[in-house]
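>>> sequence unknown, structure follows:
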């Protein structure tokens, strides 16, 4: 499966496309950052972000979009712009009928590094290793977007396997129930 | 001038179109509320809001869009959805090159009622009077959207006159400066 990970932000919005499946090596497809100038008004900045996301969706046709879940308790000075950028990202995906998943920063850190409190450098280092890159993606927003896409493939994959196992167990049990 | 006022919200998004200019009676063009079900995911709800706003922009072709300014200190439980709905509204307007203005709730209350701390009922009553309506627009989101549009016409108008006066004064002064 191919996933577009989005680290939303008004000044820098990280966009990372990763392809692969659980248990197989993952591959980097593309990584970029949409930047908007604080000289522009918020409406124009949001339109620039929308165009950037739409361009990646057009070019890479992902199967799903994973966006960082924003909390109202985050840094108040930037929370509004971040929430709005995340909202635009959701709309861009939903307009195309793509599934949207939100992952919290600690879910992403835990998925890629095994530690929900890992710092930016640790996340960047693990993304570099997982995708077998020559250098750490920069800025941090780029690495975070890739980490979101990796998290989605790994969590989605394991969740799908758990669901399948539970469904199979349910079938077996009901068959047993029937037989006994 | 014709203004679309938007009272953003994920559950109810008020949309009011008002036409007129400062010093002349204002007229109601249209008022409606886009509602989205909490049963749906946020991405789908935001797309419904986007479609509702785009439909009004298509139908009424306003000259400007006035949106309530959201503060991060507002009610935390609904602030994210409200901020995102406001972001979508900004994008819908900016994509068409329409000017977007944000007005705070107290600016709107002060503009329509003369009291920045007016309650919902007072704002609704003044909107009804200003637009010479038979009944108060309901729900409150509808009245608030109309109040935003009224505020924009009145504030925009007076601001434009002040700017023109200052520009004229500046010109006169520099001409005098030149002459002396």
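Yep, that arrived. On a predicted model such as this, the values are computed, not experimentally measured, just so you know. Residues are numbered from 1 along each chain as shown, chains lettered A, B, ... in the order given.

>>> CA only for contacts and neighbour counts going forward, please
Will do.

>>> show me where chain A has strands.
Along chain A, counting by DSSP state E, strands occupy A:2-7, A:12-19, A:27-35, A:64-68, A:100-103.

>>> quickly compare those and say which is most buried.
Mean neighbour count (mean count of other C-alpha atoms under 10 Å in any protein chain shown) peaks for strand A:2-7 among the strands of chain A, with a mean of 29.

>>> show me which residues of chain A are close to chain B?
Contact residues, chain A versus chain B (C-alpha under 8 Å from any C-alpha of the partner chain): A:42-44, A:46-47, A:71-72, A:76, A:79-80, A:83-88, A:90-91, A:93-95, A:100.

>>> selecting buried members of the residues you listed in PyMOL, what would you type?
Buried residues within the residues of chain A next to chain B, by 16 or more other C-alpha atoms under 10 Å in any protein chain shown, are selected in PyMOL with:
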select buried, chain A and resi 42+43+44+46+47+72+79+80+83+84+85+86+87+88+90+91+93+94+100
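
>>> quick one: low-confidence ranges for chain A?
A:73-76, A:157-168, A:170-180 (pLDDT under 70).

>>> please repeat the previous calculation with a cut-off of 50.
A:172-180 (pLDDT under 50).

>>> helices along that one, start to end?
Here chain A has its helices, by DSSP state H, at A:42-60, A:76-95, A:105-113, A:120-130, A:140-179.

>>> out of these, flag the one nearest residue B:150.
Among those, helix A:42-60 comes nearest to residue B:150, with 21.1 Å by C-alpha to C-alpha.

>>> how far is that closest one from where the chain is centred?
Distance of helix A:42-60 from the chain centroid (C-alpha atoms, centre = their mean, to the nearest Å) equals 16 Å.

>>> again, but for stretch A:126-138
16 Å.

>>> then stretch A:35-46?
23 Å.

>>> what does stretch A:4-14 give?
With C-alpha atoms, centre = their mean, you get 10 Å for stretch A:4-14.

>>> what's it in contact with?
Here stretch A:4-14 makes contact (C-alpha atoms under 8 Å, 6 or more residues apart in numbering or on different chains) with A:15-18, A:31-38, A:45-46, A:49, A:57, A:62, A:64-68, A:81-86, A:89, A:141-149.

>>> which residues touch stretch A:43-51?
A:10, A:13, A:34-37, A:84-85, A:88-89, A:92, B:87, B:90-91, B:93-95, B:100.

>>> also stretch A:128-135?
Against stretch A:128-135 from outside (C-alpha under 8 Å, 6+ apart): A:25-28, A:136-137.

>>> for it, which positions count as buried?
A:128, A:130-131.

>>> and that stretch, end to end?
In stretch A:128-135, first residue to last residue: 7 Å (C-alpha to C-alpha, to the nearest Å).

>>> quick one: which of the strands of chain A is nearest residue B:116?
Here strand A:12-19 is closest among those (C-alpha to C-alpha), at 36.2 Å.

>>> that'll do, ta.
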